[in-house]
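S.K.: missing the sequence, but the structure's below:
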C-alpha cells in the first residue's frame, strides 16, 4: 500500500466525480434550455392560434343570429386580413414537428377556403351567405382548436419531462454530495489511522533516540513510503549503535595494543637504565625490540592521524608523475631486506606505468597491502605483487595464500575500526589501515578491489588512472589542479 498510490487514486476518483458532475450539469443546463425553448414555442403556437381565432371572429358579427360580413367597413376588413396573414406566417415559422406542420397546413387550407368562399359570396343574399360561410368558418375554427390542443399537449409533455429530469438532477446532486463527503471523510480517517499515527510514531522514535535512548526503533507500519522511512531510520540507528560499539571496541583495542609496546619499552628502559652491566648482544636485541615497538606505535598513530585528517577534510596530496614499477619495487625491497620469512615475488611489465600520484601516500597504501599479506599468511608461503595496465588504468595486485576473508566480512572490510574475527585472532591492529588506504586511492581517482575466500588467500587490486587519464581528470576538475597540494574532502 503506497501513500502516493492512495492519494493519486483518491484525487483521480474525486476528479472523475467532479468532472462527471460538471458534465451532467452542462447536459442538464442544455436540456433545460431546450425544454424552455420548446415550451416557449408551444406557448407561442397557442398564442398565434388564438390570435387567428380572434381575427376570424372579428370578420363576422351576429346581429339577430344572422351571419354576415361587415361590408360597410372595408378598411377594418383589410387590416384584419393582414393580421391573419401575419399570424399565419408566424405560425408557419413556429411549427417545429411534422405533426404540427400538418396541423398548420389544415389551418392554412381552411382559412384560404374561407377567404375564397367570401370572395364568391359577396353578391349572395345574407341567408345564402350564411349557408356558404358558416361551414367554412366552423372548419377554420376547428382546425385552429386542433392546433391549440396540440401545442398545449406538447407543452404539458415537455413540462413532465422537465419535472422528471429535475427529480433525477436532485437525486444525482445529493448522491454526488454524499459521495464526496463520505469519500473525503473516509480518506481523512484512513490518513489518520495509516499515515498520521505512523508518522507521529516515527517522530517520537527519532525524538527518543536523540534524547539518548539508543535502543529506540520506529515501527515499520503504514504506507510504503512511511515503512521505508522507518526502515531507513532503523538502519541509521543500528549503524550508529554499531559505530558506537565499534568505537568502544576500538578504544579498548587501542588501549590493549598500546599497552603491549609500552610494556616492552618499559622493560627495555628498565634494563638499559639498570646499574648492572648489560651484555652487548642483549643490548642489541633490546634496541631492536625498541625499534620495532616504536615503529609499531608510529604506524598506529599515523593511521589515527590520517583517519582524523580524512574525516576533517584536511587530507592533502602532493601530486607528481611517478612510475608504479618503481613504487612497487621499493616496497618489496624493504621487506626483502628485512629478512622476511615469506616467498616475495614481483612481476613488472617492460614499459613504464606512469601515474599522477603522491609517492608517499601510494607508498603507504602498498606498504599496508603487502604488510597485511605477510601478517595473514603462513611463513614460507608466497606473496606476489604484480604491476600492469588495463585500458586507461594502472593495476597493482597483491596476492597471498593466507587465511582469506569470508563473504560476510568482505562487506565491512573497509569500515573504520572494523576487523574481521580471524584477523583479530591472527595479528594486532586498530582496523584503520585498509580504510585509510581506500580513501587515499579514491583521492587519486582510483579504487581498491578485493577477491578472497577463507583458507585460500586474498587478492587486493589497486586501480589508478594512467598519467594521461589522470591529467584529463584533473583538467575536468580545475579546482583540484590549481596547486600541487590538493585537498581531498
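M.R.: Thanks, I have it. None of these values were measured; they are calculated from a predicted model.
S.K.: any idea which helix or strand in the chain has the lowest mean pLDDT?
M.R.: Every helix and strand of the chain was ranked by mean pLDDT, DSSP states H and E. The lowest is strand 485-488, at a mean of 34.
S.K.: low pLDDT regions in the stretch 51-200 of the chain?
M.R.: Low-confidence segments of the stretch 51-200 of the chain, defined by pLDDT under 70, are located at 59-78, 122.
S.K.: can you pull out the strands in it?
M.R.: Taking DSSP state E, counting those that start in this stretch as the criterion, the stretch 51-200 of the chain contains no strands.
S.K.: now do the domain split for this protein, please.
M.R.: 3-186, 224-296, 313-488 (automatic domain parsing).
S.K.: endpoints of stretch 376-388, how far apart?
M.R.: Using CA to CA, to the nearest Å, one end of stretch 376-388 lies 25 Å from the other.
S.K.: heads up, I number from 53, so please use that
M.R.: Renumbered: residue one is now 53, and that last one reads stretch 428-440.
S.K.: before we move on, the earlier item: out of the domains of the chain, which is the most enclosed?
M.R.: Highest mean neighbour count among those (mean count of other CB atoms under 10 Å): domain 365-540, with a mean of 17. Quick note: C-beta positions are derived from backbone N, CA and C, even for glycine.
S.K.: re the thing from before, can I get the domains of the chain in JSON lines including distance to residue 267?
M.R.: Compiled in JSON lines, the domains of the chain are given as follows (distance: least, CB to CB, whole Å):
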{"stretch": "domain 55-238", "distance to residue 267": "28"}
{"stretch": "domain 276-348", "distance to residue 267": "8"}
{"stretch": "domain 365-540", "distance to residue 267": "21"}
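S.K.: nearest to residue 263, of those?
M.R.: Proximity of the domains of the chain to residue 263 was assessed by CB to CB; the nearest stretch is domain 276-348, lying at 13.0 Å.
S.K.: now that closest one, how far from the chain's geometric center?
M.R.: Per CA atoms, centre = their mean, to the nearest Å, the displacement of domain 276-348 from the mean C-alpha position of its chain is 48 Å.
S.K.: which residue ranges form the strands in the stretch 303-452 of the chain?
M.R.: Taking DSSP E, counting those that start in this stretch to define them, one finds strands in the stretch 303-452 of the chain at 367-370, 372-375, 395-399, 406-409, 434-442, 445-451.
S.K.: and these, which one is worst for confidence?
M.R.: Per-segment confidence across those bottoms out at strand 367-370, which has a mean of 77 in mean pLDDT.
S.K.: what's that strand packed up against?
M.R.: With contacts defined as 3 or more CB pairs under 8 Å, 6 or more residues apart in numbering; DSSP states H and E, the secondary structure elements packing on strand 367-370 are helix 485-495, strand 537-540.
S.K.: partner strands of that strand and their direction?
M.R.: Strand 367-370 sits in its sheet next to strand 537-540 (antiparallel), going by DSSP bridges.
S.K.: circling back to that earlier point, make TSV from the helices and strands packed on strand 367-370 and add distance to residue 509 to it.
M.R.: Written out in TSV, the entries for these read as follows (distance: least, CB to CB, whole Å):
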stretch	distance to residue 509
helix 485-495	16
strand 537-540	31
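S.K.: for residue 188, which of the ones you listed is the nearest?
M.R.: Judging those by CB to CB, what sits closest to residue 188 is helix 485-495, at 114.5 Å.
S.K.: what pairs with the helix or strand following that closest one, parallel or antiparallel?
M.R.: Towards the C-terminus, the helix or strand next in line after helix 485-495, according to DSSP states H and E, is strand 499-505. Taking DSSP bridges as the criterion, strand 499-505 pairs within the sheet with strand 509-517 (antiparallel).
S.K.: starting at the chain centroid, how far to stretch 74-92?
M.R.: On the basis of CA atoms, centre = their mean, stretch 74-92 is displaced by 44 Å from the centre of the chain it belongs to.
S.K.: ranges for the helices of the stretch 303-452 of the chain?
M.R.: Defined through DSSP state H, counting those that start in this stretch, the helices belonging to the stretch 303-452 of the chain, from first to last, are 332-364, 376-389, 411-427.
S.K.: picking up where we left off before, can I get the strands of the stretch 303-452 of the chain in JSON lines with distance to residue 420?
M.R.: JSON lines is the format used below for those (distance: least, CB to CB, whole Å):
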{"stretch": "strand 367-370", "distance to residue 420": "16"}
{"stretch": "strand 372-375", "distance to residue 420": "18"}
{"stretch": "strand 395-399", "distance to residue 420": "16"}
{"stretch": "strand 406-409", "distance to residue 420": "15"}
{"stretch": "strand 434-442", "distance to residue 420": "13"}
{"stretch": "strand 445-451", "distance to residue 420": "10"}
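S.K.: of those strands, which is nearest residue 488?
M.R.: In terms of CB to CB, the element of the strands of the stretch 303-452 of the chain nearest to residue 488 is strand 367-370, at 9.2 Å.
S.K.: roughly how far does the closest residue to residue 275 other than its chain neighbours sit from residue 250?
M.R.: In space, and not counting its chain neighbours, residue 275 is closest to residue 55: 3.6 Å by CB to CB, 6 or more residues apart in numbering. Separation of residue 55 from residue 250 (CB to CB, to the nearest Å): 10 Å.
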